[in-house]
Every structure is written in structure tokens, then in C-alpha cells.
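Need a 3D model of the sequence below.
(one chain, ligands or ions: 1)
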Amino acid sequence: ASAVLSSLDLPTSGEPVAGVYHAHTKGWHGSGDLQESKSPATGEVLARVRTASQDEVDAALTSARRAYESWRTVPAPKRGEVLRQVRTALNERIDDLGKLVSLEMGKGRGEVQEFVDEMDLAVGLSRSIGGTLVPSERSHHQMMEVANPLGVVGVITAFNFPNAVFGWNFSLSFITGNATVWKPAPTTPLTAIATTKIVQSVLEANKLDAGLAALVCGGGETGEALVNDKRVDLLSFTGSEARGREVGMKVAGRFGQSLLELGGNNAATVLPDANMQLALRATTFAALGTSGQRCTSTRRLFLHSSIAPHFLSSLTSAYKKITAERIGHPLDSKTLVGPLHTADAVKRFESAVETAKSQGGEILAGGNVVKMDGELSGGNWVEPTIVLVKDVERCQIMQQETFAPILYVTTFETLEEAIALNNSVAQGLSSSLFTQNLASAMQFIGATGSDTGIININGSTSGAEIGAPFGGNKSTGWGRESGGDAWKAYCRWSSCTLNFSNELGLAQGVSFD
Ligand code: UN1
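Just a heads-up that it's a prediction; the model follows:
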């Protein structure tokens, strides 16, 4: 661990690590409480981090505002050029940063690549963003949509994607001309500090204001300060539905804008004409990968009754094999299932399994906490679990997102029935349909189909690319990040009408003579 920390310029002396970057002094500080960053695989304390005091959050917002005021006048392609340099710097450190994500979050190393990909997209966008020209009904008039920088973007991220979700937001916020203030999850501060150091090194080399990428490590109070502060024009929040509901209401209460990425309760549906081998691999990957701790993890599986017995027996044996051989440290290349993030998450896993049983669920695989040997004995280990549900109405726990590798399986007879089950939960993030039939696929993505922001045909619910928008419907919060038109949320839009005559032109045929 200390080799990884020192490779990223993080102290290894045991002294607390500063978790706040002060733009005015260009120094690392932190006079709030101490936070512990712990390895979920071993329980080892990687470092203690000094968080932001309320005064430090206030100072970060003042600096961010000031930084925005000059950054907004820099041409977008020039902003893109600086982001291109951040992309290069981050990509040079991708292995070390990936290892830190593995150590601190307890997952594989893929997500830093997602930040790099997002920067590629944003660098390109910096040369093309803008609104459309709109024809005017008045002669010698022209209308156009103008996108200007918005101001300060607050980004509150969750533990499960400690790098990439900041990356989506920062990249778009930066090229659209804003300053970003980041509050990472309390359990993944080191990834945020290491990432910010890389970004700051590029800002410094370009003699740019350090307030463009402020970091305030902290807990609930720090997040609350960003939520309630009028200086934050857009608040991007990733986390639970319960917290997201409060955040959304508070930000709306001060007429700010929010971008919410909340719970997912994603389902995969397998039709009898599917490629079963593909469906099996995709479902297994999405259900137990990242130990079920992605917003996009598959949590519900609907099998057509004609293929259910065979599919379930293959799935159950895959689970048993993976449980016996492939649970382990996230830095071990053999590992397919890592730890849960915290000891509390293990308790929530146990309680969900108990509830599922009491509501009629039958455990087909897993269901238990795992005791590991040696240095892994201090980690948070559970078995990937399959629960067969005969009575969906009775098994109310299926309606909730439990951040753990628990897969609820049930059967159906018609595609309409499967779509109804797919849509029967409050959340609407991702879904999958496995079929070789074009009509079924079109029905699933159409008006009477899946009500989710992300749909996959013959692919897993998790693992989205950055080119299309990422986000969900209903209680997932309607936010869209990363690709597509997501950049538009980071702009201040005006519909501008230009009159290039000497006559007053009035629309709707109004005369004012
Ligand atoms: C999340 O879980 O919050 O689609 C983000 C995926 C990743 C992003 C997940 N690209 O699984």
C-alpha cells in the first residue's frame, strides 16, 4: 500500500493527509475532523485524512467563484487544450491511480480509463459546443441559442466510483467554462486527493487559478454546505435515493439546479430465443462484478419459464465455482469478486438475505458472510447470492436497492409480463433484454417497453460507455451525465434574438402603431 501511496505523492509517514486544497495559498490543508481511509479487503488503515472545516468550504467556494470569473472568458477550445493536458497527465498515472482505487474502494482498476475516455470526449466537444440558429418570423431578425458558462459546479460523489463520476462532471464542467468543487465520499478521500494533485499540477503548469478544481474532503456537513450555498449553481449528486431526495428539494428550494444519479434496481430479462451462453456471462458479470456495488448492477433476473430450470442450474454452478475459487483481493488478477466496501455493508447484506427468506425467497447460491484467511481476514467478504422468488408481491425486498451481490430471480410467460416486472420498481436506471428477435428488441426499447435511462439488448446492465448519456428515470433522479447532450446541463442558456434592421419587429403579428 505504501508504494502505491508514495507513487501518487501521498504521504506514507502515518501523519494525517490534508484533504483540502487552498487555492489562495496553493497549499494542502484541512482543519476539520479526521477521516479514516481503510482497505475493504484487509481492514488496514491506509491513511487518516484531515477534512474541511466550514470556513474552509466557504473559502473554497469564494476561490471557485473567482476562478470562474476569469475562466469563463477563455475560449472553449483553449479550455479543451488544458483538459487535453490533464488527460495526458492522468493517463500517465493510470496504473498507480487504478491501484489506489482498488486498495481504497476494493474493486478492479477499470474506472480511471473511464475518466480518460470522458476527457477525450470533452476535448472534442470544446470545439463544437454551442446552440442552434433558429429562423425568425420577423424580417431582418435572427434567433440563436447561446450557451455560456454557468458558474460553480458542486460535485458530490459516492464511494463506488471514486474517480470516474468526478471525471464525467469535471471534464464537462471544465470545458464549458466553470469552476468545480468536489466533495468525495468520506471513505474514498485518497483517490480524490491523488486525482486533484494531478489536475492541480496541470493548472499550475498553465498558470491557471487553482480554484478551478477545488477539493473539500468531508462528511455530511461538508456536502450540506455545498447543497445549501447559493454560490453553487449546479449540484451534481450521486448517492442514495433518500439523500438524493433531500438534496434535490434543498437545491430546488434556493432555485439552484441539480443533477441526480441515485438508486438503480436493474433487471435482466431472458427470452427463450436468446443466446443462452451470452446471457449467462452477461448476467453473471453484471450481478456479481464489483460485488454488486455499481448503480448499474443487475439485481433482478426474469427468466422465461421454458428456459428457467436449465439457465438457473448453469447460473448456480457458475456462482458456486466463482465463490469457491475467485473471491479475493482486488489487486489479484484471478479475482472476480472483491470485498464489500464497509463492515456496515456486510450487515446490510445479511439483513437483506434474512428479509428475503422471511418473504418467501429461496437461497439457491450463497447467502453467507465469508471468513477469509491471513491478511484478508480483516476484510468485508460475502458470498454472491441468488434468491429464487416465486411470489414477487410478497418479496418486497426486491423493490429496494441493496448494494451487495444479491440477485433475485423469477419467471415469466410473456414479454409484456417481463416488461411490467422490469418497470414495477421505483428506480429506472438500467435494464437488459436477451433475445435474437428484432421485434422483441424493438418492443423493449419502445414506448411500451423498459422505463430506464439505459437499455441493453444482448448486453449487461452495467458497464456503460461514456459516449451516450448516463443516468436514469423515476427515483433514479432523471439526471444525465457523461455523453450525448449531458454537457448542456453545465451551461447557462439564453435564447437570443438579433434585429439587424432599424424597424422594431414584433412577433405574433402584433402591431403597436
Ligand atoms: C455507477 O455505478 O454509479 O455503467 C456508475 C457502469 C459504469 C458506471 C457506473 N460505466 O457500470
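
Can you tell me the number of residues neighbouring Lys371?
8 (other C-beta atoms under 10 Å). From N, CA and C alone the C-beta is placed, and that goes for glycine too.

Can you name the residues that contact it?
When contacts are counted by C-beta atoms under 8 Å, 6 or more residues apart in numbering, Lys371 touches Ser377, Trp381.

element containing it?
Lys371 is part of no helix or strand, with elements assigned from DSSP states H and E.

any idea how far the ligand is from it?
Look at Lys371 and the ligand: by C-beta to the nearest ligand atom, to the nearest Å, they are 28 Å apart.

what's the spacing between Pro330 and Leu288?
Pro330 sits at a distance of 13 Å from Leu288 (criterion: C-beta to C-beta, to the nearest Å).

whoops, I mixed them up, Gln436
For Gln436, the distance to Leu288 - C-beta to C-beta - is 25 Å.

These two: which has the busier surroundings?
Set side by side, Gln436 and Leu288 show more neighbours around Leu288, with 29 against 14, by other C-beta under 10 Å.

Let me see the backbone angles for the more buried one.
Per-residue torsions, Leu288: phi -110, psi -10 (degrees, to the nearest 10).

From what I see, it and Gly338 are in contact.
No - between Leu288 and Gly338 there is no contact under C-beta atoms under 8 Å: 10.0 Å.

Contacts only, for His149.
In this structure residue 149 is Pro, not His. Tyr68, Trp71, Arg72, Thr176, Gly177, Asn178, Cys491, Arg492.

Specify the beta-bridge partners of it.
When assigned by DSSP bridges, Pro149 has beta-bridge partners Cys491.

Contact distance from the ligand - what residues of the stretch 251-400 of the chain qualify?
Selection of the stretch 251-400 of the chain residues close to the ligand by C-beta under 6 Å from any ligand atom yields Arg294, Cys295, Thr296.

center of this protein - which residue?
Against the mean C-alpha coordinate of the chain, by C-alpha atoms, centre = their mean, the closest residue is Val165 at 4.5 Å.

hang on, isn't that residue packed against Phe159?
No - Val165 is beyond contact range of Phe159, at 10.3 Å (criterion: C-beta under 8 Å).

quick one: buried residues of stretch 27-35?
Trp28, His29, Gly30, Gly32, Asp33, Gln35 (16 or more other C-beta atoms under 10 Å).

element containing the last one, please.
Put plainly, it is Gln35. Judged by DSSP H and E, Gln35 forms part of strand 34-38.

Next one: Asp96 relative to Arg84, how far apart?
21 Å.

Ok, Lys38 next?
Lys38 is 35 Å from Arg84, by C-beta to C-beta.

hang on, Gly130 is in a strand, isn't it?
No - assessed with DSSP: H, G, I helix; E, B strand; the rest coil, Gly130 is coil; it does not lie in a strand.

How confident was the prediction at it?
For Gly130, the model assigns a pLDDT of 93.

Also Gly27?
At Gly27, pLDDT is 88.

Let me see the contact set for it.
Contacts of Gly27 (C-beta under 8 Å, 6+ apart): Tyr21.

Would you agree Gln443 falls within a helix?
Yes - the assignment for Gln443 is a helix, going by three-state DSSP.

Not counting residues beside it along the chain, what's closest to it?
Gly449 (5.7 Å; C-beta to C-beta, 6 or more residues apart in numbering).

burial count for the one you found?
Counted with other C-beta under 10 Å, Gly449 comes out at 19.

Identify the residue spatially nearest to Asn91, adjacent ones excluded.
Val116 (5.2 Å).

contacting residues for that neighbour?
So Val116 contacts Arg87, Leu90, Asn91, Ile94, Gly167 (C-beta under 8 Å, 6+ apart).

Could you rerun that using 7 Å?
Arg87, Leu90, Asn91, Ile94 (C-beta atoms under 7 Å, 6 or more residues apart in numbering).

now do Leu407
By C-beta under 7 Å, 6+ apart, the neighbours of Leu407 are Ala287, Thr298, Arg299, Leu301, Thr385, Ile386, Val387.

Helix, strand, or coil at it?
strand.

For it, give me the pLDDT.
98.

what is the mean pLDDT for the strand or helix carrying the residue nearest to the centre of the chain?
Using DSSP H and E, the element containing Val165 is helix 164-175. Across helix 164-175, the average pLDDT comes to 98.

So which residues on the chain come close to the ligand?
Near the ligand, when you scan the chain using C-beta under 6 Å from any ligand atom, you find Glu114, Asn160, Phe161, Val165, Thr238, Arg294, Cys295, Thr296, Ser462, Gly463, Ala464.

No further questions, thank you.
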